[in-house]
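Novice: sequence-free structure coming up:
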């Protein structure tokens, strides 16, 4: 990156540059910031990272990441067992939690079926989902998956295999995002919004 | 930030969100990325941060940061002693090194004089600079400071105090940036570029 940066600093910058959203330039900026805030940020962050790497594990029930197992969501007895929400990734679970729209439990697939990329049913957490679906307290399974080809492939596969479990399988609605301007939306979204239009 | 994220993970996200260029949302994304790359990125990064916090120190001569002291730049005997370049910050030193435009040594002030913010001559590395300026091998001191009010205040103060040392004091030229379009430039820059126009 730059001449005459010591190997120790260069190593730090190279590792920081691997983080999503950071390039070599912003990694240099972050490294200098960290060196200025050694006691306040750098050492606590190094410790937090070591601690999280050691202690944060995937929840045995849903696949969420937490330092307790089962995770805080699965441990929350206030939630409804009726509706189970299936997501691709832990980030999606957290996004749904932020929205506050789902007050039940989750199941993290850890990926989407992708025939092109060679991701088959055995590569994601499907078996445990099919097992959970047999729990008679579950009446509905919401497939909260991305509206992409892989997301739709996975939704189709799951709805086929969940039929036997005798639960209602639903998916998120598709349409105009809140605050979205029609002018800027792609034709596919407008067509989907028109097709599933609702009476006011 | 989000409900039901464990305290250990939340602590990691809060610390990541303090880094320049990251907010709470991108910090969450970085945390999830790190958890996915524990062996490859997370643990090495934690180690690199601890090591850098312990070993990287300000160079006694110029103020640059390095794990050796004097730093790699001051240790480089190939450089010219004639021209000393004065910068505000270590980041500016690195930016100049990247440009390859200066093949001499540096002096890092660690800040700019700012009467409004109460930063006076004793708060930045001025005494050591005035001492270095008396070295008879130095013939020119380039003030590579930002073209801001504080940068110009500092430049004026320095050129006044360096007069006695018998060195030539220069500053970076101001004008149209390479690749810059006149249309998008502010009037101050255009006026400065016009004032210091040069024969082709």
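Specialist: Nice, I can see it. Given the structure is predicted, the values throughout are model-derived calculations rather than measurements.
Novice: okay, CA-based contacts and neighbour counts for the rest of this
Specialist: Noted.
Novice: Report the closest residue of chain A relative to chain B.
Specialist: In chain A, the residue that lies nearest chain B is residue A:46 (4.3 Å; Cα to the nearest Cα).
Novice: Report pLDDT for that residue.
Specialist: For residue A:46, the pLDDT comes out at 96.
Novice: which element is it on?
Specialist: helix A:43-55 (DSSP states H and E).
Novice: pretty sure residue A:154 is touching residue A:111, no?
Specialist: No: checked against Cα atoms under 8 Å, the pair residue A:154 and residue A:111 is beyond contact range at 9.4 Å.
Novice: How far does the longest strand anywhere in chain A sit from its chain's centre?
Specialist: In chain A, with assignment by DSSP state E, the single longest strand is strand A:80-87. Centroid displacement of strand A:80-87 relative to its chain, using Cα atoms, centre = their mean, to the nearest Å, is 15 Å.
Novice: partners of that strand in the sheet?
Specialist: Partner strands and pairing direction for strand A:80-87 (DSSP bridges) are strand A:104-108 (parallel), strand A:140-143 (parallel).
Novice: average pLDDT across the last one?
Specialist: So the one you mean is strand A:140-143. 94.
Novice: How far off centre is it?
Specialist: The answer for strand A:140-143 is 16 Å, by Cα atoms, centre = their mean.
Novice: need the next SSE after that strand, C-terminal direction.
Specialist: From strand A:140-143, the next helix or strand downstream (DSSP H and E) is helix A:149-162.
Novice: who touches that following helix?
Specialist: A:112, A:113, A:114, A:130, A:133, A:143, A:145, A:146, A:169, A:171 (Cα atoms under 8 Å, 6 or more residues apart in numbering or on different chains).
Novice: following that helix, which helix or strand shows up next?
Specialist: Downstream of helix A:149-162 (by DSSP H and E), the next one is strand A:168-171.
Novice: How far off centre is that next one?
Specialist: 19 Å.
Novice: Sheet partners, orientation included, of it?
Specialist: Sheet pairing for strand A:168-171, using DSSP bridges, gives strand A:140-143 (parallel).
Novice: Would you map out the domains in chain A?
Specialist: A:7-55, A:65-171 (automatic domain parsing).
Novice: okay, the angle between the helix holding residue A:46 and helix B:43-55?
Specialist: 150 degrees (axes from the mean of the first three to the mean of the last three Cα atoms, to 10 degrees).
Novice: about what we covered before: could I get the domains of chain A as CSV with mean neighbour count?
Specialist: CSV is the format used below for these (neighbours: other Cα atoms under 10 Å in any protein chain shown):
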stretch, mean neighbour count
domain A:7-55, 19
domain A:65-171, 17
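Novice: got those domains as TSV, with distance to residue A:180 columns?
Specialist: Converted to TSV, the domains of chain A look like this (distance: least, Cα to Cα, whole Å):
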stretch	distance to residue A:180
domain A:7-55	25
domain A:65-171	17
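Novice: Of all these, which one is nearest residue B:194?
Specialist: The closest of these to residue B:194 is domain A:7-55. By Cα to Cα, the value is 31.8 Å.
Novice: The spatially closest residue to residue A:58 that is not a sequence neighbour: what's it in contact with?
Specialist: Using Cα to Cα, 6 or more residues apart in numbering or on different chains and skipping the chain neighbours, the partner closest in space to residue A:58 is residue A:65 (4.5 Å). Residues in contact with residue A:65 (Cα under 8 Å, 6+ apart) are A:56, A:57, A:58, A:59, A:71, A:90.
Novice: Which single one of those residues is nearest to residue B:85?
Specialist: Out of the contacts of residue A:65, the member with the shortest distance to residue B:85 (by Cα to Cα) is residue A:56, at 47.9 Å.
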